[in-house]
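Participant: Sequence first, predicted model second:
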Amino acid sequence: MLATNAVLIMAFASFATARLIPNVLFGVLTAFVLSVAVIADMFLTPALITSGQRRPWTAGRSDPDGHASASIAAAPVVSGTSADC
């Protein structure tokens, strides 16, 4: 993941050497956004995973609407031949 992002950052940063200003801006902005994404991926994601805080909608409920979890019954199996279709 890091190697792929490093290659992408360098590739888009190479646009900074272009003569056309929109290409320069595109390359610099894309390289910057990729850099921020890598940093956020390395620090923010593990922090969110290990925070361990329970969300209000998960305390004793199965969904955010507050509906209790219901067991789902299996659909009845209908046996027959293919001619019945």
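Facilitator: Sure thing, it's come through.
Participant: in the protein, which segments are predicted with low confidence?
Facilitator: Scanning the chain for pLDDT under 70 picks out the ranges 53-85.
Participant: in stretch 3-23, what counts as buried?
Facilitator: Buried residues in stretch 3-23, counted by 16 or more other Cβ atoms under 10 Å: 8-9, 12-13, 15. Any C-beta I mention is one placed from the backbone N, CA and C, and that applies to glycine too.
Participant: Neighbours of residue 37, how many?
Facilitator: 14 (other Cβ atoms under 10 Å).
Participant: tell me which residues in the longest helix belonging to the chain are buried?
Facilitator: If each helix of the chain is counted by residues according to DSSP state H, the longest one is helix 21-50. Neighbour counts over helix 21-50 (16+ other Cβ under 10 Å) mark 27, 30-31, 34-35, 38 as buried.
Participant: Quick one: mark the members of the buried residues of stretch 3-23 that sit in helices.
Facilitator: Those of the buried residues of stretch 3-23 lying in helices (DSSP H): 8-9, 12-13.
Participant: which one of the buried residues of helix 21-50 is nearest residue 3?
Facilitator: residue 38 (10.9 Å; Cβ to Cβ).
Participant: Check the gap between residue 6 and residue 50 for me.
Facilitator: 25 Å (Cβ to Cβ, to the nearest Å).
Participant: ditto for residue 16
Facilitator: 37 Å.
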